[in-house]
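Student: Sharing a model prediction with you, sequence too.
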Amino acid sequence: MSHHIVEAQNLHYTYPDGTLGLKDVSFRITHGESVAMVGANGAGKSTLLLHLNGYFTPTQGILRIGDYPLTKRNLKAVRRSVGMVFQDPDDQLFMPTVFDDVAFGPLNLGLPPEEVEERVMQALERVGIPHLKSRPPYKLSGGEKRSVAIASVLSMSPDILVMDEPTSDLDPRARRRLIELLKTFKHTKIIATHDLDMAVDVCQRTIVIYQGRVTADGPTLKLLQDETLIERSGLEKPLRMQSCPVCEASDKKVKKPVT
Amino acid sequence: MDTGNRCLPYYLLTMAKIDTHFFDIGYLDNLSYQQTPIHQLDPRAKLLTTLVFITTVVSFGKYEILALLPFFIYLAVLCGLGNLPPAYLLKKILLVSPFALLIGIFNPLMDRDILISLAGIGISGGWVSFVSILLRIFLTVGAALILIAVTGFNAVCMALERLGTPKVFVIQLMFLYRYIFVLVDEAYRTVRARSLRSFGGGGAGVKTYGPLVGHLLLRTMDRAQRIHLSMCCRGFDGQVRIMTPLRIRPVEICFILGWSALFILMRFYNLPLMAGTVITEFFR
C-alpha cells in the first residue's frame, strides 16, 4: 500500500515574479495519516497543495507521490490518485447537474457507463446527498456544494485526499457535519486550514508553515498547545484550548460579592 | 447622510432589477424540468424542428405579413402541450423587442412608396416591412425561448453536439450558461459595494466603471484558471463526456417530419389568403 505515501524532499519554489513560495520544505506522510497544514495567510499552504497535484513543479527538490517522483510523464496517474477539493466549490462544479459533475472524473478515466453510474451513486451516498443528483450545482447551498465537491473527487476513488480550507464558508452545523464526514474517511488526508479546532478533531498530525518554511511537524495536540510556536507562526490557539473569557468574566462577577 | 439615504434605495432597486432578470433565466430552467410529452421528446428533434421553423419564417419576402400568421400555431401548440405560461414568454419576447424596433424603425422613413391602401389611407411599404420584421422577431424569438423552456439549455447544447457542431463551441456555450450566474452574482456584489460608498456622487459615474469592469475581467480570468485546474485534476483531456443517453424514436421522427411538412406547406401556400378567397367566393 505504499502508493498512498506523499514525500517532499527539500522543496523549493519561487514564483515567476521572484516571490518566494516555498523554501526547503520536507515531510513524509504515510498511508492513512491525516495531516493538517496550518499557517497564516500567504504562508505557502496553497502553493504547497498545488505542488501535490503537479500544477506547480518545484524549482528544486523532489516530491514523491507513491513510489515515484512527480514528473510530467506520470502526472496523469498522480492526479488520479490525488483527489483535490478546492476552496471555492464553484470552481470545481462546472457541469450542468450534480450527477454530471460527479461523473466527470470517472468518465475521463474511461470507465464504462454502468460503472460510472455506480460510482457516482456510491459517492453521493457516501456524503449523504443522493437526492440532489439532478439539481444544477449553482442552485445549491454552500454546505451542499461542498458535499458535491467532495463527492466529485471521491467518485474517482483517490488514495490521497487533499483539501483546501474545507470548512470555510460553512455554517456551524454544516461545518460539524463535514467534520464528522471527514473523520469517517480512511484515505490519506492532507488538509490546509485555518480552522484549528477542525484540525484537532480530524488530524492527528499537524505541519506548521510560516513564510514558506516548515516550522513544526508533529502531533496536533502537542503543537497547538505550544504557545510560542503558535504565536511565532501568526496563528492563535484553537478556541477550545483557550480559557473562555465570557465564563471568566461572569465567574468574577459572581465571586465578587462573596469576597 | 441625507443624500446617502436617498440614493441607497434607488441603487438597490436597480440592482434588484438586474438580479431578477437573471433569476428569470433560472425560471426558464425550472420550466424545462417538467415531464410533459413535449419535454420527453429527444432534444435533437425539437432543435431540428425549431431550425426548420426559423428558416422558413425568415425566408419570406420583406412585405409578407399575412402568410406569417399561420406560423403562430406552432408556438400555441407547443405552449399548450408543454405547459408553458404564455404571459411569461410574452414578457421575455418584449424584453428583446427593442433590438427589433431598432432594426426596423427606419423602414417607414426610407421606403415611402404606397403599397396598399386601406379605406382610402395609403400604407407605405416601409410600414408593411416594419410590421413584418416585428412578426418575424416575435415568431423566431418565441420559438427559441420555447425550445429552451421545453428542452433545457444544456440538453440543447448536447443536441447541437450530437448533430455535429464542433465541441469547442458547445463547451463554450455550456460554460457560459453555467458561469453567467456566478459572474452576475460577482458583478452584483461589486456594483453594490461601489454604490454603497459613492453616496450618489461621482463615485458611481463612468470614471469608476472602467476599473470595475477591468477588475471583473481579471477575476473572471483567475476563476477560469482555477476551473481549468480543477478539470485537469479530474483527468480532463479536452473532451467533455456526458452520459445522458439520447435516442430517436418513431415519435421524434413524426414530430420533425409532421411540423416540417406543415411549415413548408405554409411557406409555399398562403393559407390565410386562400381561406379569404374561398370565403369571398362563397359570398359572391
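Tutor: Cool, got the structure.

Student: If you tally nearby residues, what's the number for the residue in chain A that chain B sits nearest to?
Tutor: Scanning chain A for the residue nearest chain B gives A:N108, at 3.4 Å (criterion: CB to the nearest CB). (Glycine included, C-beta is placed from N, CA and C.) Taking other CB atoms under 10 Å in any protein chain shown as the criterion, the count of residues near A:N108 is 21.

Student: Quick check: it touching B:F236?
Tutor: Yes. Here A:N108 lies in contact with B:F236, judged by CB atoms under 8 Å, at a distance of 6.0 Å.

Student: Determine whether any part of the helix or strand hosting B:K46 lies close to chain A.
Tutor: Assigned by DSSP states H and E, B:K46 falls within helix B:43-58. No. Contact between helix B:43-58 and chain A is absent, the nearest approach being 12.6 Å (criterion: CB under 8 Å from any CB of the partner chain).

Student: And that helix, what's buried?
Tutor: Across helix B:43-58, burial judged by 16 or more other CB atoms under 10 Å in any protein chain shown covers B:43-50, B:52-54, B:56-57.

Student: Which member of these is positioned nearest A:G54?
Tutor: Taking CB to CB as the measure, A:G54 lies nearest B:P43 of these, at 37.4 Å.

Student: The closest one and A:P69, how far apart?
Tutor: Taking CB to CB, to the nearest Å as the measure, B:P43 falls 47 Å from A:P69.

Student: what does the stretch 1-150 of chain A put close to chain B?
Tutor: Proximity of the stretch 1-150 of chain A to chain B is assessed by CB under 8 Å from any CB, with A:50, A:53, A:55, A:76, A:79-80, A:82-84, A:86, A:88, A:90-92, A:94-97, A:99-100, A:103-105, A:107-109, A:113, A:116-117, A:136, A:138-139 identified as the residues in range.

Student: Restricted to strands, list those residues.
Tutor: Among the residues of the stretch 1-150 of chain A next to chain B, the members found in strands (DSSP state E) are A:V82, A:G83, A:M84.

Student: Let me have those residues in TSV, adding distance to A:L235, neighbour count and pLDDT as columns.
Tutor: As requested, those are arranged in TSV below (distance: CB to CB, whole Å; neighbours: other CB atoms under 10 Å in any protein chain shown; pLDDT from 0 to 100):
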residue	distance to A:L235	neighbour count	pLDDT
A:V82	26	25	90
A:G83	27	25	91
A:M84	24	25	91
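
Student: Same list (those residues) but as JSON lines, adding distance to A:R205.
Tutor: Putting these into JSON lines (distance: CB to CB, whole Å) gives the following:
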{"residue": "A:V82", "distance to A:R205": "18"}
{"residue": "A:G83", "distance to A:R205": "19"}
{"residue": "A:M84", "distance to A:R205": "20"}
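
Student: now stretch B:156-170: mean pLDDT?
Tutor: The predicted model gives stretch B:156-170 an average pLDDT of 87.

Student: Using PDB, write out every CA atom in that stretch.
Tutor: Coordinates of each C-alpha in stretch B:156-170 appear next as PDB, following Å, rounded to 0.1, in the frame of the first residue of the first chain:
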ATOM      1  CA  VAL B 156     -30.000  21.900 -26.400                       C
ATOM      2  CA  CYS B 157     -26.200  22.100 -26.200                       C
ATOM      3  CA  MET B 158     -25.900  18.300 -26.200                       C
ATOM      4  CA  ALA B 159     -28.200  18.100 -29.200                       C
ATOM      5  CA  LEU B 160     -26.000  20.600 -31.000                       C
ATOM      6  CA  GLU B 161     -23.000  18.500 -30.200                       C
ATOM      7  CA  ARG B 162     -24.700  15.300 -31.400                       C
ATOM      8  CA  LEU B 163     -25.700  17.000 -34.600                       C
ATOM      9  CA  GLY B 164     -22.100  17.800 -35.400                       C
ATOM     10  CA  THR B 165     -21.500  21.300 -34.000                       C
ATOM     11  CA  PRO B 166     -17.800  21.500 -33.100                       C
ATOM     12  CA  LYS B 167     -17.300  20.500 -29.500                       C
ATOM     13  CA  VAL B 168     -15.300  23.700 -28.700                       C
ATOM     14  CA  PHE B 169     -18.400  25.900 -29.400                       C
ATOM     15  CA  VAL B 170     -20.700  23.600 -27.500                       C
END
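
Student: picking up where we left off before, after the helix holding B:K46, next one along is what?
Tutor: Of the helices and strands lying after helix B:43-58 in sequence (DSSP H and E), the nearest is helix B:72-81.

Student: Which elements pack onto that next one?
Tutor: Based on contacts counted as 3 or more CB pairs under 8 Å, 6 or more residues apart in numbering or on different chains; DSSP states H and E, the elements that helix B:72-81 packs against are helix B:37-40, helix B:125-151, helix B:250-268.

Student: Outside of the last one itself, which residues are in contact with it?
Tutor: Spelled out, that is helix B:250-268. Helix B:250-268 is touched from outside by B:41-42, B:44-46, B:48-49, B:52-53, B:56, B:59-60, B:67, B:70-71, B:74, B:271, with contacts defined as CB atoms under 8 Å, 6 or more residues apart in numbering or on different chains.

Student: Apply 6 Å and report the result again.
Tutor: With CB atoms under 6 Å, 6 or more residues apart in numbering or on different chains as the contact definition, helix B:250-268 has outside contacts at B:L41, B:D42, B:A45, B:L48, B:T49, B:V52, B:F53, B:T56, B:P70.

Student: and which of those is nearest chain A?
Tutor: Chain A lies nearest to B:D42 out of the contacts of helix B:250-268, by CB to the nearest CB, at 17.1 Å.

Student: Find the residue closest to that closest one in space, skipping its chain neighbours.
Tutor: The spatially closest residue to B:D42, leaving aside those adjacent along the chain, is B:E252, at 4.8 Å (CB to CB, 6 or more residues apart in numbering or on different chains).

Student: OK, contacts around B:H39?
Tutor: B:V150.

Student: which secondary element of the chain has the worst mean pLDDT?
Tutor: Because you didn't say which chain, this covers chain A. In chain A, no helix or strand scores lower on mean pLDDT, DSSP states H and E than helix A:245-258, which sits at a mean of 71.

Student: Repeat that for chain B.
Tutor: Among the helical and strand segments of chain B, the one scoring lowest on mean pLDDT, DSSP H and E is helix B:2-31, with a mean of 54.

Student: which SS class is the residue of chain B found nearest chain A?
Tutor: In chain B, the residue that lies nearest chain A is B:G235 (3.4 Å; CB to the nearest CB). Applying DSSP: H, G, I helix; E, B strand; the rest coil to B:G235 yields a three-state assignment of coil.

Student: Tell me how many other residues crowd it.
Tutor: B:G235: 17 neighbours (other CB under 10 Å).

Student: Would you confirm that it contacts A:P106?
Tutor: No. Using CB atoms under 6 Å, B:G235 is not in contact with A:P106; the gap is 8.7 Å.

Student: Now A:L22. Its backbone dihedrals?
Tutor: Note on A:L22: backbone dihedrals following degrees, to the nearest 10 are phi -130, psi 150.
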